[in-house]
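[1] below is the sequence, then the predicted model.
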Amino acid sequence: MEITVRGLWTMIHGMGFGALYLLACSGALVELYRRYAPGSVATGERDKRFLGVYLAAMAVVAWLTVLTGAYIIYPWYRALPPASASNLADFPQRLLMSNPATIGWHSIGMEWKEYVAWLAPISITMAAAVCLRYGRNLRDFPQLRRAVLGFVWVSLLAAGIAGFFGATLVMHAPVEGGATIRLMGGEKQ
Amino acid sequence: MSEIAASIPATKASHTNGSGAAAILAAGIGSFLVAILALIADRVPEFKGLMIFYKPTGPLSGVTTCAIAGWLAAWAILNSLWRRRSVALGPVNVVAFLLLVLSLLLTFPPIADLL
């Protein structure tokens, strides 16, 4: 079992930070509905800051996702091959653009993903700041609460779009290369 | 914005929605900046060149750095204006969500290409 350094970073970015963020979104939405729904029991002292801290942790994960994507993986994705290159496997963007059947994964998928993903950390940072600022008092500001909820939904949508295209791009043109890391040996057949 | 804030008298910061409103509107502005700067960089080669802050990442580096700087600046300014006030949150939410939805649409290449 081996993995390349680029493959490992792609996993950390997508299956690590990205997937964790998507999973965490469902928890945040449930907690936002549960905590402030009409007739819900008031939260105690112990967990009054829980939601704000949870959203702040999500914001850290969201920023790590976009920053590793933009500054570690994307340069490998968009690297230009030398003029003499006949094998484009190490140049995912050029590999996708070389085939009419796959060019859309770059021209629509990656070009949407690379920008829309940034809406997630911006939205969730705002949600965290508002929840930390108001805490339990957010119950008294229904319009603020609705806005936070809306932004969390949009951050889930933005992260979902980025995650979907990230997964499909990896299927069509994986970012691979660099040193090989041997994870473990298998049994001989 | 000043009309929204001026409509309701200033009060203690802990009992106002001004800080929250500032964060919400700034998030809408920041999201919209990502989309509009990306669109301009796609259309204007000179601007695209200016947005290359880190060559391996290309214009994405400058677009997102400028958008984040604009978002944080907008947040700081709005917060300083509104933190001790209660603002009419309805219009603020409408504008913020409009900017957010526009951001989602404008970053989608087939829609951006229509402009």
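    Arrived safely.
[2] A:His106: neighbour count?
    22 (other Cβ atoms under 10 Å in any protein chain shown). C-beta coordinates here come from the backbone N, C-alpha and C atoms, glycine included.
[3] for A:Leu29, that is, sorry about that
    A:Leu29 has 14 neighbouring residues, counting by other Cβ under 10 Å.
[4] the residue lying closest to it once chain neighbours are set aside: neighbour count?
    Leaving aside its sequence neighbours, A:Leu29 sits nearest to A:Val152 (Cβ to Cβ, 6 or more residues apart in numbering or on different chains; 6.0 Å). If you count neighbours by other Cβ under 10 Å, A:Val152 ends up with 24.
[5] return the residues in contact with A:Val152.
    Shown in contact with A:Val152 (Cβ atoms under 8 Å, 6 or more residues apart in numbering or on different chains): A:25, A:28-29, A:32, A:55, A:123-124, A:127.
[6] least confident pick among these?
    Taking the contacts of A:Val152 together, the minimum pLDDT is found at A:Leu32 (89).
[7] same for the helix or strand hosting that one, what does it pack against?
    For A:Leu32, the host element (DSSP states H and E) is helix A:19-36. If you count contacts as 3 or more Cβ pairs under 8 Å, 6 or more residues apart in numbering or on different chains; DSSP states H and E, helix A:19-36 packs onto helix A:50-68, helix A:119-134, helix A:142-172.
[8] please spell out which residues along it are buried.
    Buried residues in helix A:19-36, counted by 16 or more other Cβ atoms under 10 Å in any protein chain shown: A:19-22, A:24-25, A:28, A:31-32, A:35-36.
[9] ditto for stretch A:89-107
    Here stretch A:89-107 shows A:90-97, A:102, A:105-106 as buried, counting by 16+ other Cβ under 10 Å.
[10] which outside residues touch that stretch?
    With Cβ under 8 Å, 6+ apart as the test, stretch A:89-107 has contacts from A:76-81, A:85, A:88, A:110, A:165, A:168-169, A:172-177, B:109.
[11] likewise for stretch A:64-78?
    The list of residues contacting stretch A:64-78 from outside it, by Cβ under 8 Å, 6+ apart, reads A:6, A:9-10, A:12-13, A:17-18, A:21, A:92-93, A:110, A:114, A:117-118, A:120-121, A:159, A:162, A:166, A:169, A:175, A:177, B:54, B:56-58, B:60-61, B:64.
[12] buried subset of those?
    Neighbour-count burial (16+ other Cβ under 10 Å) applied to the contacts of stretch A:64-78 gives A:6, A:9-10, A:12-13, A:17-18, A:21, A:92-93, A:110, A:114, A:117-118, A:120-121, A:159, A:162, A:166, A:169, A:175, A:177, B:57-58, B:60-61, B:64.
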